[in-house]
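**Q** task: produce atomic coordinates for the following.
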Amino acid sequence: MKDVLSVGAQVREIPWADLALDSLSPEQRARLGHDWRHRMEQEHLAVGAFAMITQELAEVGCDPTVLAFVAKASCDEVRHAEICRRLAVSALGASAVPARVRGTPKIPAHAEQPMPVRALLHAVEMCCLGETCTGVYLTTMHEHATHPTARRALEALLEDEIDHGRMGWALLSTADEASKAIVSRELPAMTSRALGAVLGAKLRCERADEALYPFGYVPNDEAVALYRKTLDDVLVPGFEMTGVDPKPMLELARTLIGAPR
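**A** I've put the predicted structure just below:
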């Protein structure tokens, strides 16, 4: 049977044998490893989310190219989870990282909406919000990273995540005006689920640890600031360009952040 990392249209070789963390202290390794283990869990949850969206879009019908990308995304996320697992194991040891992850995401059913709108809402929350922000975050990790293994691993994640975000924007741009009005109305709740914990986090200055930067580490305070900037510079213009009113989302953001924007 093929290795998980060899499954997919594109295979990026990652020099796992070169990933030596001997220079890091146990505390540094733990910080790095727990970050990767958490991302492994998030990537696994995305498998189920994309599978659900694929089924919904197949039911209502959509552009074949978009449907192909959405269907491929589930496989991408399995591969991403395995990359993150290997990075976590390198820092924490195999006994501290599960070989298999269980679980599916808790996604609102939007049962009151017809299936085309339901599928659109799920794609906007997953792709326009979640995957777009993940792409920005991984880009920052890649900018920090100098270790060849970390850089190649991040490139393998990033090249897929960018496409995952684009799928949502492509679907949204072709939606009718009534559906876009529903998206605008639902944006606060979607933003709260997808980004609320980060947008509402207190900006505690974390002690810079230069030893972790080569592995793509992003301190918490930098991550919070990055997500807030992404809201202003990427999400708001994106929704405006696709004809969705972002004002309800911005009102929620002001409440979460607790400061005038």
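
**Q** so what touches stretch 149-158?
**A** The contact list for stretch 149-158, computed with C-beta atoms under 8 Å, 6 or more residues apart in numbering, reads 12-16, 18-19, 79-80, 83-84, 86-87, 135, 138-139, 141-142, 145, 214-216. Where you see a C-beta, it was placed from the backbone N, CA and C, and this is true even at glycine.

**Q** also stretch 98-118?
**A** Contacts for stretch 98-118 (C-beta under 8 Å, 6+ apart): 40-41, 44-46, 48-49, 52, 56, 59-60, 81, 85, 121-122, 125, 179, 182, 186, 189, 193.

**Q** filter the contacts of stretch 149-158 down to just the ones in helices.
**A** Among these, the members falling in helices are 79, 80, 83, 84, 86, 87, 135, 138, 139, 141, 142 (criterion: DSSP state H).

**Q** for the stretch 101-250 of the chain, which spans come out with low pLDDT?
**A** For the stretch 101-250 of the chain, the stretches flagged by pLDDT under 70 are 203-207.

**Q** rerun at 90
**A** 104-107, 196-210, 219-222 (pLDDT under 90).

**Q** helices along that one, start to end?
**A** Assignment of helices within the stretch 101-250 of the chain using DSSP state H, counting those that start in this stretch yields the ranges 115-123, 132-144, 148-173, 177-199, 220-230, 236-241, 247-257.

**Q** how far off centre is stretch 99-110?
**A** 14 Å (C-alpha atoms, centre = their mean, to the nearest Å).

**Q** ends of that stretch, what's the gap?
**A** This stretch, stretch 99-110, spans 33 Å end to end (C-alpha to C-alpha, to the nearest Å).

**Q** may I see the buried residues of that stretch?
**A** Using 16 or more other C-beta atoms under 10 Å as the test for burial, stretch 99-110 gives 101, 105, 107, 110.

**Q** list the residues that contact residue 32.
**A** 21, 24, 91, 212, 215, 217.

**Q** wait, residue 14 touches residue 84, no?
**A** No: counting by C-beta atoms under 8 Å, residue 14 does not reach residue 84; the two are 11.7 Å apart.

**Q** more neighbours, those two?
**A** Each of residue 14 and residue 84 has its neighbours counted (other C-beta atoms under 10 Å); residue 84 has more, 24 against 21.

**Q** roughly how far does the more buried one sit from residue 32?
**A** According to C-beta to C-beta, to the nearest Å, residue 84 and residue 32 sit 12 Å apart.

**Q** residues near the closest residue to residue 174 other than its chain neighbours, how many?
**A** Distance criterion C-beta to C-beta, 6 or more residues apart in numbering; nearest residue to residue 174, sequence neighbours excluded, is residue 63 at 7.6 Å. Residue 63 has 13 neighbouring residues, counting by other C-beta under 10 Å.

**Q** now the phi/psi pair for residue 63, please.
**A** Phi and psi for residue 63, reported as degrees, to the nearest 10, are phi -50, psi 130.

**Q** check it and give its pLDDT.
**A** As predicted, residue 63 sits at a pLDDT of 90.

**Q** any idea how far it lies from residue 37?
**A** Taking C-beta to C-beta, one finds residue 63 at 36 Å from residue 37.
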